[in-house]
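> sequence first, predicted model second:
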Amino acid sequence: MTNKSKINSSEILKEDFVEITTKSELLSKIEAKGIEIEGVLESVKYEEELKNLQIELVKLQQWISKNKKRIVVIFEGRDAAGKGGNIRRFSEHLSPRSMRTVALTKPTEIELGQWYFERYIKELPNPGEIVFFDRSWYNRAVVEPVMGFCTFDQYKRFMTQVPEFEHMLYEDGIKIIKFWFSISKEEQQRRFEARLQNPLKRWKYSPVDEKGQEKWVEYTKFKEKMFSGTHTSYSPWITVKANNKKSARLEAMRYVLSQFDYDGKDDSLTTLYPDPNIVMRYFRSNHQLD
């Protein structure tokens, strides 16, 4: 047997593709040739699950629009926890006519003189709309006090007012889903390094990111205070273990879908209930990554 034939015996050749007509036939051929494709299979499964869940999100959006519901989904977490990546997967196939992503920059001089919640109120959903917040009013619960961007009195006032603010939204019919994406200190550092090495992602690395590792313990202290003071029956915190980006995306989608009885839900091609080992109300987790 020649070296060439030895190599070809463990490869998918051009001639093989002529015979293959289905995915199962391709997988059988790969298995017969003894090719290691565990990583490929995981990616294929992820993409298939992602597609099925995004189909359900389209159905959900249509139901929200039809029934004039107002939905807020808040994405919070430490820097590099995957908030933006999650929002992209949630929204990439939704109609922009009844969906928005809100990612506010630092407040203007005028906004600094307003009631803290005022600039967020302007971004709340209209009837029939879903709004994704890439960070939210909860900046004042963790990032601002840790980084010295607010006074202690401003922080205390916020922590007193936010449950009342969210209760008013709840009473007015706005559904709020609050996600906290939890990553370990080691994973955050790895993601920071990956950002710096990638020219397309380097812009994401900010001076605040630089302090993320240095102030890890302080972030944890304020995060726990936030959970304790703002987790309510009408607006609970949902933690997502996010060291694995792909599973975090899929399970967060499942959680949102599980919260609504929308048209066509029973026809789903995948499970719509999240893995309780990945997604849970914060007080049910004995061990949080961060």
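Received it, and whenever you're ready, just let me know what you need.

> only C-alpha atoms from now on, for both contacts and neighbour counts.
OK.

> any idea how far the closest residue to A248 other than its chain neighbours is from G264?
Distances taken as Cα to Cα, 6 or more residues apart in numbering place A242 nearest to A248, at 5.1 Å, with adjacent residues excluded. Note on A242: its distance to G264, by Cα to Cα, to the nearest Å, is 29 Å.

> so those two - more neighbours on which side?
Shown here are A242 and G264; by other Cα atoms under 10 Å, A242 has more neighbours (25 against 11).

> from what I can see the more buried one touches K185, true?
No. Applying Cα atoms under 8 Å as the test, A242 and K185 come out as separate, 11.8 Å apart.

> between these two, which contacts overlap?
Counting by Cα atoms under 8 Å, 6 or more residues apart in numbering, A242 and K185 have no common neighbour.

> tell me the SS of T270?
coil (DSSP: H, G, I helix; E, B strand; the rest coil).

> from N52, how far out is it?
Applying Cα to Cα to T270 and N52 gives a distance of 7 Å.

> so what's the residue nearest to A248 up against?
Here A242 is in contact with 81-82, 181-183, 248, 278 (Cα under 8 Å, 6+ apart).

> mind putting those into a markdown table with pLDDT and neighbour count?
Compiled in a markdown table, the contacts of A242 are given as follows (pLDDT from 0 to 100; neighbours: other Cα atoms under 10 Å):
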| residue | pLDDT | neighbour count |
| --- | --- | --- |
| A81 | 96 | 26 |
| G82 | 96 | 24 |
| F181 | 98 | 28 |
| S182 | 97 | 23 |
| I183 | 97 | 23 |
| A248 | 98 | 23 |
| I278 | 96 | 17 |
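
> nearest to V44 among those?
Comparing the contacts of A242 against V44 with Cα to Cα places A248 closest, at 16.5 Å.

> my understanding was that the closest one contacts R254; is that so?
No. A248 lies out of contact with R254 (Cα under 8 Å); the separation is 9.9 Å.

> same for the longest helix seen in the chain, what does it pack against?
Using DSSP state H, we find that the single longest helix of the chain is helix 38-66. Using 3 or more Cα pairs under 8 Å, 6 or more residues apart in numbering; DSSP states H and E as the contact test, the elements touching helix 38-66 are helix 83-91, strand 129-134, helix 245-258.

> can you lay out these as a markdown table showing distance to I177?
Formatted as a markdown table, the helices and strands packed on helix 38-66 follow (distance: least, Cα to Cα, whole Å):
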| stretch | distance to I177 |
| --- | --- |
| helix 83-91 | 13 |
| strand 129-134 | 10 |
| helix 245-258 | 8 |
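
> most tightly surrounded among these?
strand 129-134 (a mean of 23; mean count of other Cα atoms under 10 Å).
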